[in-house]
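Q: What would the 3D arrangement of this be:
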Amino acid sequence: MTTSERAAAAEVLKAIAHPVRLGVIEILAQGERTVTALYEELKCSQSMMSHQLKTLSQQKLVTIRKEGTQKYCSLANTEFIKVFSCMQNHLRNFLNFKE
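A: Next up is the predicted model:
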């Protein structure tokens with residue numbers, strides 16, 4: 001990686017470094033959801049979810065489309081979920097987290 005790529009990668013990693021944002025990506029890996037469904041499933045407020053989605057969308061991790069009064073979210077890059085597989089492997093095999 002170049003210096004600028006490392007800096008950009010650090011910004012992307014900062015964007016996912018929050019339990020709610022990790023949850024959003026994990027849920028969206030299963031398919032598109034409304035903003036309402038996301039904040040209900042992750043048990044957070046609508047304003048908290050809006051803030052987290054803004055952070056994720058700024059790094060092009062999540063796309064948001066509006067249809068009527070609903071906003072629908074999806075992963076911008078489904079390949080990104082591989083990062084989660086690596087993290088889960090690290091947690092379970094090196095930090096002794098259990099299922």
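
Q: phi, psi of Arg65?
A: Main-chain torsions, Arg65, degrees, to the nearest 10: phi -120, psi 150.

Q: Just give the number of residues close to it.
A: By the criterion of other C-beta atoms under 10 Å, Arg65 has 10 neighbours. Any C-beta I mention is one placed from the backbone N, CA and C, and that applies to glycine too.

Q: which residues are contacting whatever helix or strand Gln52 lives in?
A: Counting by DSSP states H and E, the element that carries Gln52 is helix 46-58. Defining contact as C-beta atoms under 8 Å, 6 or more residues apart in numbering, one finds that helix 46-58 is touched by 15-16, 18, 20-21, 24-25, 35-36, 38-39, 42, 44, 62-64, 73, 76.

Q: In strands, which of these appear?
A: 62-64, 73 (DSSP state E).

Q: quick one on the thing from earlier: buried ones among the contacts of helix 46-58?
A: By neighbour count, with 16 or more other C-beta atoms under 10 Å, the contacts of helix 46-58 hold 15-16, 20-21, 24-25, 35, 38-39, 42, 44, 62, 73 as buried.

Q: Now those in JSON lines, please, with extra columns for distance to Arg92 and pLDDT.
A: Shown next, in JSON lines, are these (distance: C-beta to C-beta, whole Å; pLDDT from 0 to 100):
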{"residue": "Ala15", "distance to Arg92": "24", "pLDDT": "95"}
{"residue": "Ile16", "distance to Arg92": "19", "pLDDT": "94"}
{"residue": "Val20", "distance to Arg92": "22", "pLDDT": "98"}
{"residue": "Arg21", "distance to Arg92": "21", "pLDDT": "98"}
{"residue": "Val24", "distance to Arg92": "22", "pLDDT": "98"}
{"residue": "Ile25", "distance to Arg92": "18", "pLDDT": "96"}
{"residue": "Val35", "distance to Arg92": "31", "pLDDT": "98"}
{"residue": "Leu38", "distance to Arg92": "26", "pLDDT": "98"}
{"residue": "Tyr39", "distance to Arg92": "28", "pLDDT": "98"}
{"residue": "Leu42", "distance to Arg92": "22", "pLDDT": "98"}
{"residue": "Cys44", "distance to Arg92": "26", "pLDDT": "97"}
{"residue": "Val62", "distance to Arg92": "26", "pLDDT": "98"}
{"residue": "Cys73", "distance to Arg92": "28", "pLDDT": "99"}
